[in-house]
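In: sequence and predicted structure are below.
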Amino acid sequence: MSLPAPIHPEPLARNAEGRPYRARHGDIDASSAAALDQARAVFLGGCGLLDTPSAWAGRRQFVVLETGFGLGTHFLATWQAWLADAARPDTLHFVSVELHPLAATDLIAACADPSLLPLAHELAAAWPPAVRGLHQLQFAAGRVKLTLALGDVRELLPRLDLGADAIYLDGFAPARNPAMWEPGVIKAAARLARPGARLASTSVAHALCATLVQAGFAVSRPPGYGGKAARLQAVYAPRWRTRRLEPRAAATSVERHAMVIGAGLAGAACAQALARRGWTVDVLDADGAAAGASALPAGLAHARISPDDDRLARLSRAGLAALLAALPEPERHAVWQGGGLLLAEPDSAPPDLSAIAAALALPPSVAEAVDAGEASLRAGAQVTRGGWWPAGGVAAAGSLVRAWLATPGVRLQGDAQVHRLRRAPIFTVTHPDSSGHATAPWQALDAAGRVLAQAPVCIMATALDAARLLSASGLAPSGPCLQNLQSLPLRAQAGQAFLVPASTLPQLARLQRPLAGDAYVLPLPPAALQSLGLPAGETWQLLGATYEDDPAALMPIEAAWAHIAQGLEPLVGALPAAPPAEARVFRAVRAVAVDRLPCAGPWPDWEALARAKPAVLQRPADELPPLPGLYLNTAMGSRGLTLATLAAECIASHIEGEPAPVERDLLAALAPGRFGLRRALRGEPPRA
């Protein structure tokens, strides 16, 4: 399968009159003097955002979908209107698709009005690299969220997962840029419209209006702006069912209270994601914070590079961005050391990295190919092999977990061993779910049947214990067609790593950036040193890691050291034959799914699936009917630092009914129900 066209920023050009000009489409943008007025009159006014009361007044969230970001004027104008409205929604989400983004500096140069300039500077400072996919930017302390979807609108819009309250149809005139106005694009936008959503556009083309009516909109043509006879306004009010799936609805639950089982990276990431949205979160763990694999003092988080830009490569870019956005202040510089790292390529048949880089069109801020000399300069130590230098760095894992669990609204219950889950008895006070239906809260019970905690939402972040907990709670697949399906096939993968003083490894004594190949070596961030009680004046490095299939029969320490040293030798030369006397050994067990991707999202309602029509099983895994209020976040493997925060954001956005942070195919790749679904689709018999 060929890759979608890479994203290339479009330079800002101006015509003879000084107006922004797009040579690609042979069209001009609205003049600086008129662009803000047009945005207000046509788009904000057309969607009721300047009315009294405004369409978003008193809402918890409001979602705007735009089909062409362009100069960013519509986003800036909407943000400005949000700031000026005392009745504004708690959170404004703005999702915009763009194939040819401007450079960050051009956003300021093209700013439509001096009143927007402060906001334009904030936007430019947060502007993402020009890489296809979804990029989430946050402003106003997280209350204004821009999801910039970079790619062809025809390919990307059908893969968005959101519910829109307002739709801005833009993208130059249909005659100049016909791809933006194809019926498939309009219908894809309509599938994302919430009931009553308003739509606005400068175009009143007959074909556009006819497509909107067919998709369920009531269309009107009020007087136009700037000398045009008419503009378009529409309201989504279908008289018949026009789509198979309804878009995401804003959560209506009054009690914003969740329970997270597990206080490692995955659980702490979920707790902080919900707490930052105003939730109260009870975190339960038998061993306290940052136990298990999360007890490793530090680890790597970085973008992955794949010649075909596979799912894991796309997830890793989004995951790294989510991690950086969630780093706690003021601990940020103590828990995180950025600057990238070397991902060395093997000696045998090395790929042409330059050709891959050109095909993917990755900017240097995301990844670039380096030779051994350049890698040595950046790393601060002599290396004998080049490779990729991707965005990324080292995080103090345990310190990060503790900082996230200290987020206001998070309450940690240590020494809380959850034996099983159950729905509260029928007489317990119930809570409306996102559809407005009353649901009983989830209860976490210990082995004696005592209730440890209860909440309308429960997130299981229990690594390998997830499968046992689901089975003990009677939540695994059952019924004639699904009985005994292997619903959550996780396996244990043990690992060992060594913490050593840098002075004991002369060739690595000055190492400033991580090196990774068949093994890795990384310098520890300050917070990791402090948490381990190590002297601040000494430099310590973490060398790892083994991948062992039997946690009950680990390699002897000498064999584990030899395995890691052998992996590093092609990069940095021979290391001592035995670990230094001062070395500390860390052992942990990772939870790994059979496809090596995390399991993050709602847990399916298997009873409903057993009763469903066979066609339901043909749907993507993220479309399976969920068991209300129950989510999983597990199977991070060795990529917990890279992916745990993104997985938590996927779950939090689903709970709140917000726009998803990644495309639908990636949500399906993470969906916890994907394994049972695959087995059922293959028509395999139940397991004995």
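Out: Yep, that arrived. Numbering: from 1, shown residues only.
In: can you give me the buried ones in the strand ranked longest in the chain?
Out: In the chain, ranked by residue count with DSSP state E as the criterion, the top strand is strand 490-501. By neighbour count, with 16 or more other C-beta atoms under 10 Å as the criterion, the buried positions of strand 490-501 are 490, 493-501. From N, CA and C alone the C-beta is placed, and that goes for glycine too.
In: show me what the helix or strand following that strand is packed against.
Out: Using DSSP states H and E, the helix or strand that follows strand 490-501 towards the C-terminus is strand 515-516. Using 3 or more C-beta pairs under 8 Å, 6 or more residues apart in numbering; DSSP states H and E as the contact criterion, the secondary-structure elements in contact with strand 515-516 are strand 342-344, helix 557-572.
In: can you list these in a markdown table and add mean pLDDT and mean neighbour count?
Out: Output for these, formatted as a markdown table (pLDDT from 0 to 100; neighbours: other C-beta atoms under 10 Å):
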| stretch | mean pLDDT | mean neighbour count |
| --- | --- | --- |
| strand 342-344 | 95 | 25 |
| helix 557-572 | 96 | 19 |
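In: and of the buried residues of strand 490-501, the nearest to residue 476?
Out: residue 490 (12.7 Å; C-beta to C-beta).
In: what's the neighbour count on residue 174?
Out: The number of residues packed around residue 174, counting by other C-beta atoms under 10 Å, is 15.
In: what separation do you get for residue 10 and residue 110?
Out: Separation of residue 10 from residue 110 (C-beta to C-beta, to the nearest Å): 11 Å.
In: anything in contact with each of those two?
Out: By the contact definition C-beta atoms under 8 Å, 6 or more residues apart in numbering, residue 10 and residue 110 are jointly contacted by residue 102.
In: want to throw the buried residues of strand 490-501 into JSON lines with pLDDT and distance to residue 196?
Out: Conversion of these to JSON lines gives the following (pLDDT from 0 to 100; distance: C-beta to C-beta, whole Å):
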{"residue": "490", "pLDDT": "91", "distance to residue 196": "43"}
{"residue": "493", "pLDDT": "95", "distance to residue 196": "49"}
{"residue": "494", "pLDDT": "95", "distance to residue 196": "54"}
{"residue": "495", "pLDDT": "95", "distance to residue 196": "52"}
{"residue": "496", "pLDDT": "96", "distance to residue 196": "58"}
{"residue": "497", "pLDDT": "96", "distance to residue 196": "55"}
{"residue": "498", "pLDDT": "96", "distance to residue 196": "60"}
{"residue": "499", "pLDDT": "95", "distance to residue 196": "58"}
{"residue": "500", "pLDDT": "95", "distance to residue 196": "62"}
{"residue": "501", "pLDDT": "94", "distance to residue 196": "64"}
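In: can you tell me which of the residues you listed is closest to residue 330?
Out: residue 499 (25.7 Å).
In: tell me which residues in stretch 338-358 are buried?
Out: Quick answer for stretch 338-358 (16+ other C-beta under 10 Å): 338, 340-345, 353, 356-357.
In: show me the contacts for residue 97.
Out: By C-beta under 8 Å, 6+ apart, the contact set of residue 97 is 66-69, 149-151, 153, 156-157.
In: can we see that at 6 Å?
Out: With contact taken as C-beta atoms under 6 Å, 6 or more residues apart in numbering, residue 97 is in contact with 67, 149, 153, 156-157.
In: for these, pick the one with the most neighbours.
Out: Neighbour count (other C-beta under 10 Å) singles out residue 149 as the most crowded of these, with 25 neighbours.
In: distance check, the closest residue to that one other than its chain neighbours against residue 659.
Out: Spatial nearest neighbour of residue 149, excluding adjacent residues (C-beta to C-beta, 6 or more residues apart in numbering): residue 97 at 4.5 Å. Between residue 97 and residue 659 the distance, using C-beta to C-beta, works out to 12 Å.
In: over to residue 294?
Out: Remark: distance between residue 294 and residue 659 (C-beta to C-beta) = 29 Å.
In: ok, residue 387 next?
Out: Counting by C-beta to C-beta, the gap between residue 387 and residue 659 amounts to 35 Å.
In: what ranges do the strands span in the stretch 551-688 of the chain?
Out: Assigned by DSSP state E, counting those that start in this stretch, the stretch 551-688 of the chain shows strands spanning 584-593, 599-604, 626-634.
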